[in-house]
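[1] Build me a model from this:
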Amino acid sequence: MQFRVLLLTGALVLAACGGGPPGSGPGGEEDGPEPVADPRVLIEAEPAAMGSVADYLVTTGNLESEAQADITPETTGTIISIKAEEGDVVRRGQLLAVIDNPSLDAGVQRARLEHETAQRVIGETQQLHAQGAVSDRELREAENLAAGAETTWEEARESGDFRHITSPISGTVAVRNVRLGEMASVGMPAFQVVDLARLRVVIQLPEKDLPRVHVDQPATLTGAYEDGDSVPGHIERISPVVDPVSGTVRVVVAVDPTQQSLRPGQFVKVRIEVDRHNDVLTIPQRALTYADGEPVAWRLIEAPDPEEDDADGEGDGEGDGDGFFAKLFGDDGDGGDEAEDDFDPWEGVPRRGVEKVRLEVGFSDPDHVEVIEGLSVGDELVTIGNHNLRADTLVRLDGDPELQEPPEEEPEADGEAEPTDDGDPQGNDDGNDDGSAGG
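    Next up, the predicted model:
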């Protein structure tokens, strides 16, 4: 009882100082109803459904081309012309650059003259031999000299072509290491040509996985450091031997020749499908989280209505402070605003909650997870916003209506006094004009 008197005294002092109930301005003037705070967390959800999930072997490797040529000059000299740039598509035998080598040019010219002289001499010797002026031995010697000059001329012509750097394969110029005016030398890399339509990845699989793979088995490839579109491929070759040191098997995975997203030299992730479960319960991969190392998901449920606080002031007098203050400020339901008392911000708004469900999962692919136990078809699961949830969290979906705002109260006229039961506008009980108390 003493506690109530102290509370009442403090409240009266607060009211006398102009500190009215919450929501009122100075002097007790109403500022209007405060907006309702929305306690819900915005999420996205998808249902559990029947589907198909595959099991994969996942490994990594570097992308390379089945046909790749590192081109080096076959002679020394100065680069005087460049005919192809990086990114150009070239054909087999196409000219890439020209080297100037005066010594080589002189040797070709000398071999040509020797060949022409030998051809003239053999022609004259054959005519004299027919006339009997030249012996058979002399004819054979002339023929041998002519054959030697022919061979020298052929070699000189071939070496003369060394001035021309050409592509040995058809493909795309990946690297150009020479510049105009630069001295080229034998063995120095000049160009690299790659056939982009014949890409592959060489991977090493453990010996235990060998029974699960076979030639022409489908595979998918993606960049190891990016979430781009996957590129189809297939197993092209499997080595017939196991490396005794590493215990692995060399497997060559060919890449779809029409793809345009992966490049030679790129580090890629390879997925080889080894098994598939059809007509099983699946959930989106984004709905799966882990708690204490165990797979869980957050399922949408209908949240229970909040418990109503006891504000009527009845009871044994213990713990009814809320009802006491409600009566003190005229919010006890007796004579208050009936519309405000009946106001429910959740009217027409779905009250959604979540619950944590522990799962037993099976196969998993980049998009879906097989659920063996824990869920049913149609269960709505949180896919975005599921990392900071609790069992008592209220959630909302995109498109859910907002909470209702409280109605505005009509202000009372200034200076208007409430009439009493006897009709006295001043509220005097005895009706005396002098305001004295009645006997």
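[2] could I get stretch 269-283 in CSV with only the CA atoms?
    In CSV, the C-alpha atoms belonging to stretch 269-283 read as follows (Å, rounded to 0.1, in the frame of the first residue of the first chain):
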residue,chain,number,x,y,z
LYS,A,269,36.6,-26.3,-61.1
VAL,A,270,35.5,-29.6,-62.6
ARG,A,271,32.3,-31.4,-61.6
ILE,A,272,31.8,-35.0,-62.9
GLU,A,273,28.4,-36.4,-62.4
VAL,A,274,28.7,-39.9,-61.0
ASP,A,275,25.2,-40.6,-59.7
ARG,A,276,21.7,-39.1,-59.5
HIS,A,277,18.6,-39.5,-57.3
ASN,A,278,15.3,-38.8,-59.0
ASP,A,279,11.9,-38.0,-57.5
VAL,A,280,13.3,-37.1,-54.0
LEU,A,281,12.5,-34.2,-51.6
THR,A,282,14.7,-31.3,-52.4
ILE,A,283,15.2,-27.8,-51.0
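[3] quick check: mean pLDDT across that stretch?
    For stretch 269-283, the per-residue pLDDT values average out at 93.
[4] Just to check, residue 93 is in contact with residue 165?
    No. In this structure residue 93 lies outside contact range of residue 165 using Cβ atoms under 8 Å: 11.4 Å. Quick note: C-beta positions are derived from backbone N, CA and C, even for glycine.
[5] out of these two, which sits in the busier spot?
    residue 165 (25 against 11; other Cβ atoms under 10 Å).
[6] Using the three-state scheme, assign the more buried one.
    For residue 165, the secondary-structure state derived from DSSP: H, G, I helix; E, B strand; the rest coil is strand.
[7] Repeat that for residue 130.
    The assignment at residue 130 comes out as helix when based on three-state DSSP.
[8] and it, what does it touch?
    Contacts for residue 130 were tallied using Cβ atoms under 8 Å, 6 or more residues apart in numbering; there are none.
[9] Tell me the spacing between it and residue 139.
    Here the distance between residue 130 and residue 139 works out to 10 Å (Cβ to Cβ, to the nearest Å).
[10] Extract the residue ranges of this structure that are flagged as low pLDDT.
    Low-confidence regions of the chain, defined here as pLDDT under 70, cover residues 1-36, 104-107, 153, 156-161, 227-228, 306-341, 409-439.
[11] Which residue ranges of it form helices?
    Assigned by DSSP state H, the helices in the chain fall at 2-16, 102-131, 136-160, 321-328, 338-341.
[12] Return the set of buried residues in stretch 96-103.
    Across stretch 96-103, burial judged by 16 or more other Cβ atoms under 10 Å covers 96, 97, 99, 101.
[13] Bridge partners for the second one, pull those for me.
    This means residue 97. Legend: beta-bridge partners of residue 97 under DSSP bridges are residue 82, residue 165.
[14] Could you double-check that it lies in contact with residue 79?
    Yes. Between residue 97 and residue 79 a contact is recorded at 5.8 Å, counting by Cβ under 8 Å.
[15] between these two, what contacts are shared?
    When Cβ under 8 Å, 6+ apart defines a contact, the residues bordering residue 97 and residue 79 alike are residue 178.
[16] Disregarding flanking residues, what is the spatial nearest neighbour of residue 142?
    In this structure, residue 142 finds its nearest non-sequential neighbour in residue 125, 4.0 Å apart by Cβ to Cβ, 6 or more residues apart in numbering.
[17] Would you mind confirming that that neighbour is in contact with residue 133?
    No. With contacts counted by Cβ under 8 Å, residue 125 stays clear of residue 133, the gap being 9.5 Å.
[18] Of these two, which one has the most company?
    Set side by side, residue 125 and residue 133 give different neighbour counts by other Cβ under 10 Å, the larger being at residue 125 (20 against 10).
[19] which ones are touching that one?
    134, 138, 139, 142, 143.
[20] Among the residues you listed, the buried ones, what's the PyMOL command?
    Typed into PyMOL, the next command selects the buried ones out of the contacts of residue 125 (criterion: 16+ other Cβ under 10 Å):
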select buried, resi 134+139+142
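[21] how about the contacts of residue 125, which pair is most distant?
    Distance extremes for the contacts of residue 125: the farthest pair is 134 and 143 at 11.5 Å, using Cβ to Cβ.
[22] mind giving me JSON lines with the contacts of residue 125 and columns for distance to residue 286?
    Formatted as JSON lines, these follow (distance: Cβ to Cβ, whole Å):
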{"residue": "134", "distance to residue 286": "97"}
{"residue": "138", "distance to residue 286": "95"}
{"residue": "139", "distance to residue 286": "92"}
{"residue": "142", "distance to residue 286": "89"}
{"residue": "143", "distance to residue 286": "86"}
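[23] Return the member of the contacts of residue 125 nearest to residue 225.
    Ranking those by separation from residue 225, with Cβ to Cβ as the measure, puts residue 143 on top at 69.2 Å.
[24] Verify the stated contact: the closest one with residue 122.
    Yes. At 6.0 Å, residue 143 counts as touching residue 122 under the criterion of Cβ under 8 Å.
[25] all strands for the stretch 251-400 of the chain, in order.
    Counting by DSSP state E, counting those that start in this stretch, the stretch 251-400 of the chain has these strands, from start to end: 267-284, 289-291, 294-302, 352-358, 360-364, 368-373, 380-384, 394-397.
[26] Residues contacting the fifth one, please?
    Meaning strand 360-364. Around strand 360-364, the neighbours that count as contacts under Cβ under 8 Å, 6+ apart are 53-55, 275-277, 280, 285, 288, 295, 369-374.
[27] burial of residue 167, as a residue count?
    Each residue near residue 167 was counted by other Cβ under 10 Å, and the total is 20.
[28] Residue 145 too?
    Applying other Cβ under 10 Å, we find 16 other residues in the vicinity of residue 145.
[29] quick one: residue 223 and residue 231, what's the gap?
    9 Å.
[30] can you list residues touching both of these two?
    With Cβ under 8 Å, 6+ apart applied, the overlap between the contact sets of residue 223 and residue 231 consists of 261, 262.
[31] returning to that earlier point: just the buried members of the contacts of strand 360-364?
    When those are checked for burial by 16+ other Cβ under 10 Å, the buried set is 53, 54, 55, 280, 288, 295, 369, 370, 371, 374.
[32] from those residues, which is closest to residue 192?
    Looking across the buried ones among the contacts of strand 360-364 and measuring by Cβ to Cβ, the closest to residue 192 is residue 54, at 37.4 Å.
[33] these two touch, right, the closest one and residue 275?
    Yes. At 6.9 Å, residue 54 and residue 275 qualify as touching, with contact defined as Cβ under 8 Å.
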